[in-house]
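Colleague: The sequence and its predicted three-dimensional model are supplied below.
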Amino acid sequence: MNGPAAQLRRDAAIRLVQMTRGGPRAAAARYLGITPGALQSATVTIRAWQKMPGNADAYQDALQRIAEIAAATEAPFSTRLTAPDETTVGP
């Protein structure tokens, strides 16, 4: 995709967390350690970029493909996402 790379990576991470955990963007950003300012900047930039023809659909398709790949691939135990109150212990 020909778009703002840093903001797309940040926004994609936020959206993928939302897809797996649910909840609002702000909660997903907090989970990832993304500051409110960085969240706002990414949101504004990505929304403007998505208004260009074809970008929103291409982006949504790419996120869906990433989610499908992640769902089909078993992550190592120590890298699985856990709720903030859970502890992950390696094998």
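Modeller: Received the coordinates, thanks.
Colleague: Quick one: residues contacting residue 45.
Modeller: Residues counted as contacts of residue 45 (C-beta atoms under 8 Å, 6 or more residues apart in numbering) are 4, 7. Every residue, glycine included, has its C-beta placed from N, CA and C.
Colleague: which residue packs closest to residue 66, ignoring adjacent ones?
Modeller: Sequence neighbours aside, residue 16 is the residue nearest to residue 66 in space, at 6.6 Å (criterion: C-beta to C-beta, 6 or more residues apart in numbering).
Colleague: ditto for residue 19
Modeller: Of all residues not flanking residue 19 in the chain, residue 67 sits nearest, at 5.4 Å (C-beta to C-beta, 6+ apart).
Colleague: and the residue nearest to residue 66, what element?
Modeller: helix 5-21 (DSSP states H and E).
Colleague: Check which helices and strands that helix is in contact with.
Modeller: helix 25-32, helix 36-50, helix 55-72 (3 or more C-beta pairs under 8 Å, 6 or more residues apart in numbering; DSSP states H and E).
Colleague: Tabulate those (TSV), appending mean pLDDT and distance to residue 12.
Modeller: Formatted as TSV, these follow (pLDDT from 0 to 100; distance: least, C-beta to C-beta, whole Å):
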stretch	mean pLDDT	distance to residue 12
helix 25-32	94	11
helix 36-50	91	9
helix 55-72	89	6
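Colleague: closest one to residue 3 among these?
Modeller: helix 36-50 (4.9 Å; C-beta to C-beta).
Colleague: Render the CA-only coordinates of the closest one in PDB, please.
Modeller: Provided in PDB are the C-alpha atoms of helix 36-50 (Å, rounded to 0.1, in the frame of the first residue of the first chain):
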ATOM      1  CA  PRO A  36      -3.000   9.000  23.400                       C
ATOM      2  CA  GLY A  37      -1.100  11.600  21.200                       C
ATOM      3  CA  ALA A  38       0.300   8.900  18.900                       C
ATOM      4  CA  LEU A  39      -3.100   7.300  18.700                       C
ATOM      5  CA  GLN A  40      -4.800  10.600  17.700                       C
ATOM      6  CA  SER A  41      -2.100  11.300  15.100                       C
ATOM      7  CA  ALA A  42      -2.400   7.900  13.500                       C
ATOM      8  CA  THR A  43      -6.200   8.100  13.500                       C
ATOM      9  CA  VAL A  44      -6.300  11.500  11.800                       C
ATOM     10  CA  THR A  45      -3.700  10.500   9.200                       C
ATOM     11  CA  ILE A  46      -5.200   7.100   8.400                       C
ATOM     12  CA  ARG A  47      -8.700   8.500   8.100                       C
ATOM     13  CA  ALA A  48      -7.600  11.100   5.600                       C
ATOM     14  CA  TRP A  49      -5.600   8.400   3.700                       C
ATOM     15  CA  GLN A  50      -8.600   6.100   3.600                       C
END
